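# Here is my input, please return the structure:
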Amino acid sequence: MSGRIHSIETFGTVDGPGIRFIVFTQGCPLRCLYCHNPDCRDTHGGKEVTVDYLLGEIKKCQSYIRKGGVTVSGGEPLMQPEFTKEIFDRCHALGLHTALDTSGYCALEVAKPVLDSADLVLLDLKSYIPELYYQVTHVSIEPTLAMARYLSDINKPVWIRFVLVPHLSDNLDNIQQLADFIATLTNVERLEVLPFHKMGEYKWEQLGLPYALRDTPPASPELVQQTVNLFCDRGIKALGATGI
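Next comes the predicted model:
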């Protein structure tokens, strides 16, 4: 089986527990204003590789990722569900932990086999107020909320990721409503508040794309901590993390 990937990372430390081998898949249906990998969007970009090839690369790193695992990120891995599931199944045969990094924007019936094969889901909840979520991503929030509820129903371990963008997703009502929703879920192990930065802006320029957040400042440590506290006040284990 083969699929399209953007790249791989052999020593990842922020996309799941421990040291991880990360596969960045090609193709994404979202158009996030702060995307730091806009070159992942095009479904025809990247390169085609087989699962056998990826497993060969993973085995080279097996000695130091054994206490970590393999994360499939993107792009959006659920645009290639069979490919992603096959990677996970083959990793399980090696005794490796698997994590899916997803926006949750996928038909639930398509996603379920992949979710069942993942040991951990890193779920990006980019906002909560529907109009704001659409402004940030250009898609509906409903598929992501449905996935979050399903993951809670099956008690799948989840890490929530929320990108904090000044003057955009830092809207107090947005954060409070998001916290209220997450508090209804029973499977969330942690929530990471990722401070916005502009390290990926050059990629937009290289691709000739307009960067709407050119004048947006990075999220300050004080704003990050205030946001972390709001989630903690709802009984959610939240922490500040590396930005996006």
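# switch to C-alpha atoms for all contacts and neighbour counts from now on
OK.
# ranges for the strands of this structure?
Along the chain, the stretches classed as strands by DSSP state E are 2-12, 20-25, 47-50, 69-73, 98-102, 120-124, 158-164, 188-195, 238-240.
# where does the protein dip in pLDDT?
242-244 (pLDDT under 70).
# now the helices for it?
If DSSP state H is used as the criterion, the helices of the chain fall at 51-60, 62-65, 81-93, 108-117, 130-137, 142-153, 172-182, 201-207, 221-232.
# Figure out which of those is closest to T102.
Closest approach to T102 among the helices of the chain is made by helix 142-153 (9.3 Å; CA to CA).
# how far off strand 98-102 does that closest one point, in degrees?
If you take axes from the mean of the first three to the mean of the last three CA atoms, to 10 degrees, helix 142-153 sits at 150 degrees to strand 98-102.
# Please compute how far helix 142-153 lies from its chain's middle.
14 Å (CA atoms, centre = their mean, to the nearest Å).
# Taking helix 130-137 as reference, get the angle to that helix.
Here helix 142-153 points in a direction 100 degrees away from that of helix 130-137 (the same axes, to 10 degrees).
# From the structure, what's the count of residues near E131?
By the criterion of other CA atoms under 10 Å, E131 has 13 neighbours.
# Run through the residues that contact it.
Residues near E131 by CA atoms under 8 Å, 6 or more residues apart in numbering: none.
# go on, the one 5 residues further on?
With contact taken as CA under 8 Å, 6+ apart, V136 is in contact with R31, C32, L33, Y34, K126, S127.
# How much space separates the second one from G3?
In this view, C32 and G3 are 23 Å apart by CA to CA, to the nearest Å.
# And the fourth one, by the same measure?
Note on Y34: its distance to G3, by CA to CA, is 26 Å.
# circling back to that earlier point, dump the contacts of V136 into a markdown table; add neighbour count and distance to W204 as well.
Shown next, in a markdown table, are these (neighbours: other CA atoms under 10 Å; distance: CA to CA, whole Å):
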| residue | neighbour count | distance to W204 |
| --- | --- | --- |
| R31 | 15 | 12 |
| C32 | 18 | 12 |
| L33 | 16 | 10 |
| Y34 | 23 | 10 |
| K126 | 23 | 20 |
| S127 | 25 | 22 |
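# Need those residues in JSON lines (columns: distance to Y64).
Output for those, formatted as JSON lines (distance: CA to CA, whole Å):
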{"residue": "R31", "distance to Y64": "35"}
{"residue": "C32", "distance to Y64": "33"}
{"residue": "L33", "distance to Y64": "35"}
{"residue": "Y34", "distance to Y64": "32"}
{"residue": "K126", "distance to Y64": "32"}
{"residue": "S127", "distance to Y64": "35"}
